[in-house]
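Q: pasting a predicted model and its sequence here:
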Amino acid sequence: MITALAGGVGAARLLRGLVRAVPADEVTAIVNTGDDTLLHGLLICPDLDTVTYTLAGMHDDERGWGLAGETWAAMEALERLGGESWFRLGDRDLATHLYRTQRLSQGASLSVITREITGALGVGARLLPMTDDPVRTRVTLVEGPEVGFQEYFVRRRHAVAVRSVRFDGADRCRAAPGVIDAITSARTVIVCPSNPVVSIGPLLAVPGIADALRERRQTVIAVSPIIAGAALKGPADRLMAELGQEPSVVGVARAYADIAGTLVVDDADAGLCDQVEATGVRCLVTSTVMQTAGDAQRLSTTILDASGRPVSDGPGR
């Protein structure tokens with residue numbers, strides 16, 4: 001079994017390649033739920049839905065979120081009524097949130113509901129929320145208050161400076177059923193190219209997850225979301241800098257040094273391999289840009305091939 005720690009779009013793209021490289025039922029993804037938000041009385045799980053829609057072949061790759069071929073009648077009607085529409089929910093996407101919220105009201109856990117949704121949409125991989133308990137990423141702005149993650153990311157378009165980030169509820173939650181076992185029993189654990197601060201950070205804050213990774217650090221392979229000092233998508237580079245971390249593959253290596261034995265970096269950062277390895281993390285250099293499903297499959301194959309090599313082999317140049 002292959003287990004992946006997953007955030008949003010970058011993780012979804014890698015997982016799309018992973019299920020082409022190995023049978024889908026051999027893949028388990030533990031997905032961040034710190035981004036979840038309550039809006040219009042509905043529980044919205046952006047990262048879970050992005051991964052689900054991508055693996056179901058339904059994701060809108062051009063827009064970068066939501067469902068392909070979406071319609072917007074509900075949002076247009078809401079706007080006419082003067083309701084909040086800054087967080088865009090397409091009509092078919094809305095059905096997912098309606099179903100999830102209904103099932104929660106009936107006493108089902110988020111893990112069970114996720115299994116029901118992925119099964120209905122034909123997703124072969126197993127998706128696990130990091131926890132069934134509410135954990136919410138909270139962002140304190142340099143010039144402003146503490147806000148929820150979606151307020152920062154969507155409403156303010158992540159264009160404001162950040163002073164600090166915390167994961168409300170993480171100290172009180174428990175890992176969802178199957179999460180710790182998925183880490184300890186996997187042949188390989190992959191940390192997807194997701195934002196280290198707000199996508200992987202919440203996962204590591206769930207009690208037991210970071211400890212389970214440390215126990216098998218040598219066989220954990222992380223993929224850097226930073227290429228040549230910048231994030232391909234989203235605010236990972238700016239967030240790292242604002243929080244005092246170096247926005248480079250070296251900064252990513254430092255962030256993951258205690259949980260991952262190997263960091264995969266893009267060819268553009270080959271010159272930083274020695275600095276990455278100075279953090280105690282093996283450096284594997286390859287092309288990490290995933291413009292197509294074929295690119296993602298090739299990267300997945302490279303990662304899986306590398307997982308069979310001892311960490312003491314040295315840099316993978």
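A: Alright, I've got the coordinates.
Q: surely residue 101 touches residue 41?
A: Yes. Contact criterion Cβ atoms under 8 Å: residue 101 and residue 41 qualify, at 7.0 Å. In short, each C-beta sits where N, CA and C put it, glycine included.
Q: neighbour count: the two, which is higher?
A: Between residue 101 and residue 41, residue 101 has the larger neighbour count (other Cβ atoms under 10 Å), namely 17 against 8.
Q: shouldn't the more buried one be within a strand?
A: No. Using DSSP: H, G, I helix; E, B strand; the rest coil, the secondary structure at residue 101 is helix, not a strand.
Q: what's near enough to touch it?
A: Residues near residue 101 by Cβ atoms under 8 Å, 6 or more residues apart in numbering: 41, 42, 43.
Q: make CSV out of those residues and add distance to residue 69.
A: Shown next, in CSV, are those (distance: Cβ to Cβ, whole Å):
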residue, distance to residue 69
41, 26
42, 22
43, 24
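Q: of all those, which comes closest to residue 107?
A: Closest approach to residue 107 among those (Cβ to Cβ): residue 43, at 14.0 Å.
Q: if that closest one is in a bridge, with which residues?
A: Applying DSSP bridges to residue 43 yields these beta-bridge partners: residue 38.
Q: for it, give its distance to residue 167.
A: According to Cβ to Cβ, to the nearest Å, residue 43 stands 17 Å off from residue 167.
Q: ditto for residue 301
A: 33 Å.
Q: and what of residue 22?
A: Counting by Cβ to Cβ - residue 22 and residue 167 are separated by 31 Å.
Q: and what of residue 108?
A: Distance of residue 108 to residue 167, computed by Cβ to Cβ: 24 Å.
Q: now residue 239
A: From residue 239 to residue 167 the distance is 14 Å (Cβ to Cβ).
Q: residue 241 now?
A: Note on residue 241: its distance to residue 167, by Cβ to Cβ, is 20 Å.
Q: tell me which of those two has more neighbours.
A: The neighbour comparison of residue 241 against residue 167 (other Cβ under 10 Å) goes to residue 167, with 21 against 17.
Q: contacting residues around whatever helix or strand the more buried one lives in?
A: If you go by DSSP states H and E, residue 167 is part of strand 162-168. Strand 162-168 has contacts (Cβ under 8 Å, 6+ apart) with 34, 135-142, 152, 197-198, 201-202, 205, 238-239, 242-243.
Q: could you flag which of these are buried?
A: Neighbour counting by 16 or more other Cβ atoms under 10 Å classes 34, 135-139, 141, 152, 197-198, 201-202, 205, 238-239, 242 among those as buried.
Q: which two among these are spaced furthest apart?
A: Going by Cβ to Cβ, the pair spanning those furthest: 135 and 238, at 23.0 Å.
Q: residues contacting the residue lying closest to residue 1 once chain neighbours are set aside?
A: Once flanking residues are discounted, residue 1 sits nearest to residue 186: 4.9 Å by Cβ to Cβ, 6 or more residues apart in numbering. The neighbours of residue 186, taking Cβ under 8 Å, 6+ apart as the test, are 1, 2, 3, 28.
Q: residue 190 now?
A: Contacts of residue 190 by Cβ under 8 Å, 6+ apart are 2, 3, 4, 5, 14, 18, 220, 221, 222, 223, 303.
Q: got it, and residue 279?
A: Per Cβ under 8 Å, 6+ apart, neighbours of residue 279: 250, 253, 254, 257.
Q: tell me where the stretch 1-150 of the chain has strands.
A: 2-6, 27-31, 37-39, 42-44, 126-129, 136-141, 146-148 (DSSP state E, counting those that start in this stretch).
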